[in-house]
Each structure stands twice: as C-alpha cells, then as structure tokens.
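Student: sequence and predicted model, in that order:
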Amino acid sequence: MNARIEHLVTEGTFDLDGGSWALENNVWIVGDDTECVVIDAAHNAEAILTAVGDRTLLGILSTHAHNDHIGAAGAVAAATGAPVYLHPDDRMLWEVVYPDAAPGRDLADGQRIAVAGIELQVIHTPGHSPGSVCLYAPTFGTLFSGDTLFHGGPGATGRSYSDFPTIIESITGKLLTLPADTVVNTGHGESTTIGAEAPDLPDWLARGH
C-alpha cells in the first residue's frame, strides 16, 4: 500500500454571526503518487494545488461548510475539475460563501469514498453544524474530525446552527466507539487520540458549550 496522509496548515479568517477571527486550519491530503483527495480546502488554494501537484484530485471532502473550511474549495475545484463533497444539511452555510454555485456531490452517513486503494468512511456528526461529518480511515487507524472533536474537547457550539447536546451525542455515540488508539486529525491545532479524549467527557458535560 502506497497511500499516505499529508498535512499542510493554511491561514485566514473564520467569519460568522457578524464576527471575524484569524486562525490556522489543517488541510489533510490522503492519497498516493497518482491520486488523492483533499479534506477541507481551507483559505489558500495555491498552497493546496501545489501540494496536490500533478496527481488526479478525486474530490474535495468538506467536513462542514464554515467559510474557513471551504474558502478555497471553489478555486481548487475550478483548477482541477474535482467535485466538492458536502453533507446537504450544511447547504445554508455553503450558500453564504458560494451563493451562485452548489457543491458537486453530497456526503451521507455510512458512505465510503475510495482513494489510492483505501476507503474513507463518512460519519455524520452534527453539533458544530448540522451537516458536520468526520472521515474515518480504518487502514491508517485515523479519524479526520473537522471541528467536531479536538485535542481537549468538542468543537465550539456557541454560534448559529450549532448545538452542544447534539455534538456530545455525536462524539459519544459515534466517535468514542472507535478504537482507543485511533489518531484524531483535527481541523485546527494538534492531533490527539480517541483514548486521550474519552476520559474528559464528564468535564465537557460540566462545562457545557
């Protein structure tokens, strides 16, 4: 198996509810020397296209549609012809960024996306946004969690379209059931593991959103 995970960090802003915050995003590329997918085309299309190189880009997989996770998706799609994948429950957020263009394909819970001889399994994890998803790669023992689960706890739920009880249900019912040594590659910041985050559940519940 020649498939591998590549990582780059891009910088920009997160804009929602009238506010704007500077931040860094993790962009993950899964593939081999011939083909790949991009997970969350954030901020900098040029950097993402450089990382993809001359490989066939099979798709741009969006864990959710906050602008910081899809801001470069349109340009990357236009440059490569690759479809953008998004769960339909996040279309209202997508339309804030791209009012005149729909994402190319839907993501659905249980869907499997093949690339470079491996599969990515789609797990619908609403809470941070209604259409948030995680992507699980059993071959690598790795979960790409977007903004659903971070090192130190769940993603934020204090803004429009988010809900704390829902994200906790998603994490406990769908993510903490994965093997404890599963690596969690997040949308921002450092990676963690399922086993490292599970013991903190009582603290998450006590803190609320």
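Tutor: Thanks, I have the structure now.
Student: where do the strands sit along the chain?
Tutor: 4-16, 19-31, 35-39, 56-61, 84-86, 105-106, 112-115, 118-124, 133-137, 142-146, 149-150, 153-154, 183-186, 192-193 (DSSP state E).
Student: what about those strands, which gets the closest to D200?
Tutor: The closest of those to D200 is strand 153-154. By CB to CB, the value is 6.3 Å. (Glycine included, C-beta is placed from N, CA and C.)
Student: and that closest one, which strands flank it?
Tutor: Next to strand 153-154 in the sheet, as set by DSSP bridges, lie strand 149-150 (antiparallel).
Student: what's the strand it pairs with in contact with?
Tutor: Here strand 149-150 makes contact (CB atoms under 8 Å, 6 or more residues apart in numbering) with 134, 143, 155, 171, 175, 184, 186-189, 192, 197.
Student: if we use 6 Å, what do you get?
Tutor: 171, 175, 184, 186 (CB atoms under 6 Å, 6 or more residues apart in numbering).
Student: by neighbour count, which of the residues you listed wins?
Tutor: Among the contacts of strand 149-150, I171 has the most neighbours (other CB atoms under 10 Å), with 25 neighbours.
Student: so who does that residue touch?
Tutor: By CB under 6 Å, 6+ apart, the contact list for I171 reads 149, 154.
Student: what separates it from H43, distance-wise?
Tutor: Plainly put, I171 is 26 Å away from H43 if you go by CB to CB, to the nearest Å.
Student: and L58, by the same measure?
Tutor: 21 Å.
Student: cool, T10 as well?
Tutor: 4 Å.
Student: and for P130?
Tutor: Distance from P130 to H43, by CB to CB: 23 Å.
Student: check D54 too.
Tutor: Distance from D54 to H43, by CB to CB: 22 Å.
Student: with neighbour numbers in mind, choose between those two.
Tutor: For D54 and H43, the more surrounded residue by other CB under 10 Å is H43, and the numbers stand at 23 against 6.
Student: my guess is L120 meets I113, correct?
Tutor: Yes - judged on CB atoms under 6 Å, L120 makes contact with I113 at a distance of 4.6 Å.
Student: higher neighbour count, the two?
Tutor: L120 (24 against 19).
Student: show me what contacts that one?
Tutor: Taking CB under 6 Å, 6+ apart as the test, what L120 contacts is 113, 135, 137.
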